[in-house]
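Novice: What shape does this take:
(2 chains)
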2 protein chains.
Amino acid sequence: MAARSGVTLAEIAAEAGVSLSTMSKVLNGHADVAASTRARLEEHLTRHGYQRRGAQRAETIELVFHELEPTWSMEVIEGVEDVAQQAGLSVVLTVSGDRHSPAPDWIDGVLRRRPLGVVLVFSDLATPHREKLRSRGVRFAIVDPAGDPAPDVPSVGSANWSGGLAATRHLIELGHRRIAAITGPEDMMCSLARVDGYRSAMNAANLPIDPDWIRFGDFHPTGGEAHASELLARADRPTAIFAGSDLQALGVISAAAAQGLNVPGDLSVVGYDDIALARWLSPQLTTVHQPLRRMGEEAARLVMRLAAGESVDTLRMDLATHLVVRGSTAPPAP
Amino acid sequence: MAARSGVTLAEIAAEAGVSLSTMSKVLNGHADVAASTRARLEEHLTRHGYQRRGAQRAETIELVFHELEPTWSMEVIEGVEDVAQQAGLSVVLTVSGDRHSPAPDWIDGVLRRRPLGVVLVFSDLATPHREKLRSRGVRFAIVDPAGDPAPDVPSVGSANWSGGLAATRHLIELGHRRIAAITGPEDMMCSLARVDGYRSAMNAANLPIDPDWIRFGDFHPTGGEAHASELLARADRPTAIFAGSDLQALGVISAAAAQGLNVPGDLSVVGYDDIALARWLSPQLTTVHQPLRRMGEEAARLVMRLAAGESVDTLRMDLATHLVVRGSTAPPAP
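Specialist: Predicted coordinates for the structure are as follows:
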């Protein structure tokens, strides 16, 4: 361990007026150091450009999901794994916590494992966790942040609002008027942004929105199925549904089949994500392409650049989305 | 590092008549030690019950794929991750090599990373790699071995032959006579076993097999699509196809749709794997359930038991498969 300036840790500790043992605690992210002491020490460490180096070069990137979803997660994993491998790094895969934050014991594990950096998917990081990682020089980035992260939190998302807008516009251009939207959980930014894109497209076309047409749920097939069953049972059922994920879209198509409705003859369905299997479904799924693999790649690159001490202009990046029109959408039945 | 008997490594080295530097090379898996010296030293180490211990407890299980397939890989990952997490271990995910063996540089990385053990999916391990891992006490197990591993290679597979038999019997019982089989690559045990199960079911029912009906290919949708397109273009096209994976089955259904054939009205399709999405496809997929998640779990447990020095009765385990009948199979059109 050494500071960029050549000053030793012992010298920095002396300068900050703390013992080496206290410094070690701060570096190792232990909690039992007074906040003021920690802050003072951090200041000195920062001033001397302290960074870990030496024999035990960090060899891993830690990738954290709150759950592994089939297909969706895999594409992010592939992106991170690909970039890591090219850099000679291994990927440590962890499933922890909920969509708001990794579980508390996860942070201890990370400090022990000393990765080069951490890529969090969907989750956010509580402020004390962020500070612990920072004090140890473990860089992190968030893929598709669930909440609205602070501006100094590195993140890679995608253009959710534009995606919702494009999907809904496509349905309107086909002639649909009664269009419902099933999206993800109400406390996730991506769900809100997509449904706002839907609202804007409807408003721009002067189409009324029945409040019952907007549904929040989880991103799994069952979520799409349950909401679609209700929507399709209405006398004035929608002729098109914009689903918040391809998995939800599968649930919607399944609910339609259960009511004897043909997709796209009786109901048009647009998904979201463009998972690898989307073009292999029957009908092939019209969906908003979200560059999941590239989001993983960019997050891994961002973490590596930060860890290398490179200056990064923008900590927050939204990759473009675009609509892929396939077979699950058609003009409404006359 | 210490031997269970309390004897130090220096004493073991002296007893075996090798230098400490040579011993270090053997322990670290370096190649430049004469085989006879290595063998002699291994004997002494074994006799003293040598094992690594102390501060640097291995904290990871390394999971190696030759490729990440959507859905399929994810279920194995979930199984390994779940067992590892319960044991307080992290999973290092690596994509390396082809379906025969991880890439040569992978082994150096593993020796550096010092995992508790390695779970290899699909691949096999070349003998020198096996020896290197053994000499360093890194345990390993193979999930769904591609080749026919030696009896002393720990592995977790599934009942592929029975799966092929059950799938084909189901089609025969529905009344099908012209049944084709698309399976995986010809050099993989699982492909051969499944197609042999198909043959046995056909033979038992006294049904002839046109040699053109048996197709080998990769497990991706494109593989299923290409073979099915050819099979379905024949004047005496098969009325049912047994596909080697659910992804191939998607390709088969896509090829049928392209020729205006309805599944299951004009063509019955059985898949293999029972991926999480199988019940969400239209039609819902009849398929052979392969317990992918449990295979991952068992392999992780096997590695952990071996690493803990527990005696393991059977190093080779095949988990049961069973047919799940859903909507993609029906009696042939009259």
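Novice: Could you pull out the strands in the stretch 201-334 of chain A for me?
Specialist: Listed in chain order, the strands of the stretch 201-334 of chain A (DSSP state E, counting those that start in this stretch) span A:214-216, A:240-243, A:268-273, A:286-289, A:316-319, A:322-324.
Novice: Each with direction, which strands does the second one pair with?
Specialist: Read it as strand A:240-243. strand A:179-183 (parallel), strand A:268-273 (parallel) (DSSP bridges).
Novice: contact partners of that strand?
Specialist: A:164, A:167-168, A:171, A:174, A:176, A:178-182, A:198, A:224, A:228, A:231, A:249, A:251-252, A:267-272, A:329, A:332 (CB atoms under 8 Å, 6 or more residues apart in numbering or on different chains). All C-beta atoms are positioned from the backbone trio N, CA, C, and that covers glycine.
Novice: go on, the fifth one?
Specialist: Surrounding strand A:316-319, the residues in contact under the criterion CB under 8 Å, 6+ apart are A:149, A:151, A:153-159, A:291, A:294-295, A:298, A:302.
Novice: Swap in 7 Å and give it another go.
Specialist: Strand A:316-319 is contacted by residues A:Ser155, A:Val156, A:Gly157, A:Ser158, A:Ala159, A:Pro291, A:Arg294, A:Met295, A:Glu298 when judged by CB atoms under 7 Å, 6 or more residues apart in numbering or on different chains.
Novice: between the residues you listed, which has the most around it?
Specialist: Within the contacts of strand A:316-319, neighbour counts (other CB atoms under 10 Å in any protein chain shown) peak at A:Val156, which reaches 29 neighbours.
Novice: Verify the stated contact: A:Val252 with A:Gly224.
Specialist: Yes - with contact defined as CB atoms under 7 Å, A:Val252 reaches A:Gly224; the gap is 4.5 Å.
Novice: quick revisit: so which of the strands of the stretch 201-334 of chain A gets nearest B:Ala14?
Specialist: B:Ala14 lies closest to strand A:316-319 among the strands of the stretch 201-334 of chain A, at 59.6 Å (CB to CB).
Novice: Direction included, what does that closest one pair up with?
Specialist: Counting by DSSP bridges, strand A:316-319 is paired with strand A:155-158 (parallel).
Novice: Mind putting the strands paired with strand A:240-243 into CSV with mean pLDDT and mean neighbour count?
Specialist: Converted to CSV, the strands paired with strand A:240-243 look like this (pLDDT from 0 to 100; neighbours: other CB atoms under 10 Å in any protein chain shown):
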stretch, mean pLDDT, mean neighbour count
strand A:179-183, 97, 28
strand A:268-273, 97, 28
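Novice: okay if I get those strands as JSON lines plus distance to A:Ala258?
Specialist: Shown next, in JSON lines, are the strands paired with strand A:240-243 (distance: least, CB to CB, whole Å):
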{"stretch": "strand A:179-183", "distance to A:Ala258": "16"}
{"stretch": "strand A:268-273", "distance to A:Ala258": "14"}
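Novice: Quick check: A:Val95 touching A:Glu69?
Specialist: No - between A:Val95 and A:Glu69 there is no contact, the gap being 10.8 Å when judged by CB under 7 Å.
Novice: right, and the helix or strand after the lowest-mean-pLDDT helix or strand in chain A?
Specialist: One helix or strand of chain A scores below all others by mean pLDDT, DSSP states H and E: strand A:2-3, with a mean of 45. Next in sequence after strand A:2-3, counting helices and strands by DSSP states H and E, comes helix A:9-16.
Novice: Can you show me the CA trace of that next one as CSV?
Specialist: Taking Å, rounded to 0.1, in the frame of the first residue of the first chain, the C-alpha atoms of helix A:9-16 are listed here in CSV:
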residue,chain,number,x,y,z
LEU,A,9,0.7,5.2,5.4
ALA,A,10,2.5,5.6,8.7
GLU,A,11,3.4,9.2,7.8
ILE,A,12,-0.1,10.0,6.7
ALA,A,13,-1.4,8.5,10.0
ALA,A,14,1.0,10.6,12.0
GLU,A,15,0.1,13.7,10.0
ALA,A,16,-3.6,13.1,10.7
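Novice: low pLDDT regions in chain A?
Specialist: A:1-6, A:27-31, A:46, A:49-57 (pLDDT under 70).
Novice: is stretch A:212-224 anywhere near chain B?
Specialist: Yes - using CB under 7 Å from any CB of the partner chain, stretch A:212-224 comes into contact with chain B via A:Pro221.
Novice: Could you list the buried residues of that stretch?
Specialist: By 16 or more other CB atoms under 10 Å in any protein chain shown, the buried positions in stretch A:212-224 come out as A:Trp213, A:Arg215, A:Phe216, A:Gly217, A:Asp218, A:Phe219, A:His220, A:Pro221, A:Gly223, A:Gly224.
Novice: Narrow these to those in helices?
Specialist: A:Pro221, A:Gly223, A:Gly224 (DSSP state H).
Novice: Could you single out the nearest of those residues to chain B?
Specialist: Set against chain B, the nearest of those by CB to the nearest CB is A:Pro221 (4.6 Å).
Novice: Packing partners of the strand or helix carrying A:Gly164?
Specialist: Per DSSP H and E, A:Gly164 falls inside helix A:160-173. Judged by 3 or more CB pairs under 7 Å, 6 or more residues apart in numbering or on different chains; DSSP states H and E, helix A:160-173 is in contact with helix A:189-204, strand A:240-243, strand A:268-273, strand A:286-289, strand A:322-324.
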